[in-house]
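A.B. asks: structure, please.
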Amino acid sequence: LADFKSGNFVLLGSERAIPWVELFESQLNFLYQYDETRRVAFIRNRSPRPGERTEYINGNIGAPGDAFSFVAFVPNLTYTGHVLIIAGSTMEGTEAAGEYMINPTFSSGLLKVLGFQPKSSPRSFEVLLRSSTMAGSWKDSEIVAYRTGREYDTHP
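C.D. replies: I've put the predicted structure just below:
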């Protein structure tokens, strides 16, 4: 726990795989969730805007369809650094989000969508992605929804 009070971190996976993600859930709008009754993983949208859904559920695992993931860039526990969280409702979704962030074409497009200027100070953001999947792999990710610069950008 002490490690998350200083410095910068990358967490690759949902809170189901990496419990440390739970430390930052209060700052997130998009959350990985698993419904034991329906036996389905999904991304919850805590505060949907017009045209957005409250749940983004995958197609059938292993069958062609959509996988959903999110990327969140939030302050660490003491607001002295940042944490990048990359998580999906499936392995394909998590992989697609990670690739999206390291692909210069996609990541520069994301920065434009978020309204970030070159060499500007880092600001918090969240982005929800949809990726087409087939046979355990993915292609063609697109932004479904995003949030920027929430009130947690500065220490309370």
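A.B. asks: hmm, what's the outermost residue in this structure?
C.D. replies: residue 37 (24.1 Å; CA atoms, centre = their mean).
A.B. asks: contacting residues around the helix or strand bottoming out on mean pLDDT in the chain?
C.D. replies: Least confident helix or strand of the chain, by mean pLDDT, DSSP states H and E, is helix 104-114 with a mean of 76. Outside helix 104-114, the residues within contact range by CB atoms under 8 Å, 6 or more residues apart in numbering are 99-101, 125, 127, 141, 143, 146, 148. In this view, the C-beta of every residue, glycine as well, is placed from N, C-alpha and C.
A.B. asks: what do you get if the cut-off is 7 Å, keeping everything else the same?
C.D. replies: With contact meaning CB atoms under 7 Å, 6 or more residues apart in numbering, helix 104-114 is reached by 100-101, 125, 127, 141, 143, 146, 148.
A.B. asks: between those, which sits nearest residue 57?
C.D. replies: residue 141 (17.0 Å; CB to CB).
A.B. asks: beta partners for that closest one?
C.D. replies: residue 131 (DSSP bridges).
A.B. asks: this protein: helices as residue ranges?
C.D. replies: Counting by DSSP state H, the chain has helices at residues 91-102, 104-114.
A.B. asks: tell me how far residue 110 lies from residue 27.
C.D. replies: Counting by CB to CB, to the nearest Å, the gap between residue 110 and residue 27 amounts to 19 Å.
A.B. asks: compare the two (neighbour count), which wins?
C.D. replies: Using other CB atoms under 10 Å, the more surrounded residue of residue 110 and residue 27 is residue 110, with 19 against 16.
A.B. asks: surely residue 88 and residue 94 touch.
C.D. replies: Yes: counting by CB atoms under 7 Å, residue 88 touches residue 94, with 3.6 Å between them.
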